[in-house]
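Here is my input; please provide its structure:
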Amino acid sequence: MPFSEFKTIGAVVQKFQVRYTEANFINPLAFQISDYFQEDLALMMREGVVDNSEFAICENLIYPVLKAGLFY
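Numbering: from 1, shown residues only. Okay, the predicted model is just below:
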């Protein structure tokens, strides 16, 4: 049975008799962002994207985060 047979979530729920529930499962967490990080990110998005490719945009979003050491 191809996925294209189902046009809506309701059709899947009816066919497979499952329960569908939507909920917010991510709780926002307030934290401070340094001015340096904000400026670095803005610079990368302004100057680092030369061909507007999806790959370049993704790389330029990731680079300042890694450089700032936000992930340990």
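
Name the residues of the helix ranked longest in the chain that are buried.
Taking DSSP state H as the criterion, the chain has its longest helix at helix 54-68. Of the residues in helix 54-68, Asn60, Pro64 count as buried by neighbour count, 16 or more other Cβ atoms under 10 Å. Any C-beta I mention is one placed from the backbone N, CA and C, and that applies to glycine too.

and that helix, what other elements does it pack with?
Helix 54-68 sits against helix 35-47, with contacts defined as 3 or more Cβ pairs under 8 Å, 6 or more residues apart in numbering; DSSP states H and E.

Give me the angle between the helix it packs on and helix 54-68.
Counting by axes from the mean of the first three to the mean of the last three Cα atoms, to 10 degrees, helix 35-47 lies at 160 degrees to helix 54-68.

Now do the spatially most central residue of the chain against Phe6, distance only.
Closest residue to the average C-alpha location of the chain: Cys58 at 10.0 Å, with Cα atoms, centre = their mean. The gap separating Cys58 from Phe6 is 30 Å, by Cβ to Cβ, to the nearest Å.

re earlier: report the separation between the residue nearest to the centre of the chain and Ala42.
16 Å.

now swap in Thr8 and tell me
Distance of Thr8 to Ala42, given as Cβ to Cβ: 41 Å.

out of the two, which sits in the more crowded spot?
Taking other Cβ atoms under 10 Å, Thr8 and Ala42 do not tie; Ala42 has more neighbours (11 against 8).

quick one: what helix or strand has Thr21 in it?
Element membership of Thr21 [criterion: DSSP states H and E] is none; it lies in no helix or strand.

Report how many residues lie close to Glu5.
9.

which regions of the chain lie under the pLDDT threshold?
Along the chain, the model assigns pLDDT under 70 to residues 1-3, 49, 70-72.

let's go with 90 and repeat that
By pLDDT under 90, the low-scoring segments of the chain are 1-7, 9, 12, 21-34, 36-38, 40-72.

quick one: contacts for the closest residue to Ser34 other than its chain neighbours?
Nearest residue to Ser34, sequence neighbours excluded (Cβ to Cβ, 6 or more residues apart in numbering): Ala68, at 7.4 Å. For Ala68, the contacting residues are Ser34, Tyr36, Phe37, Asp40, by Cβ atoms under 8 Å, 6 or more residues apart in numbering.
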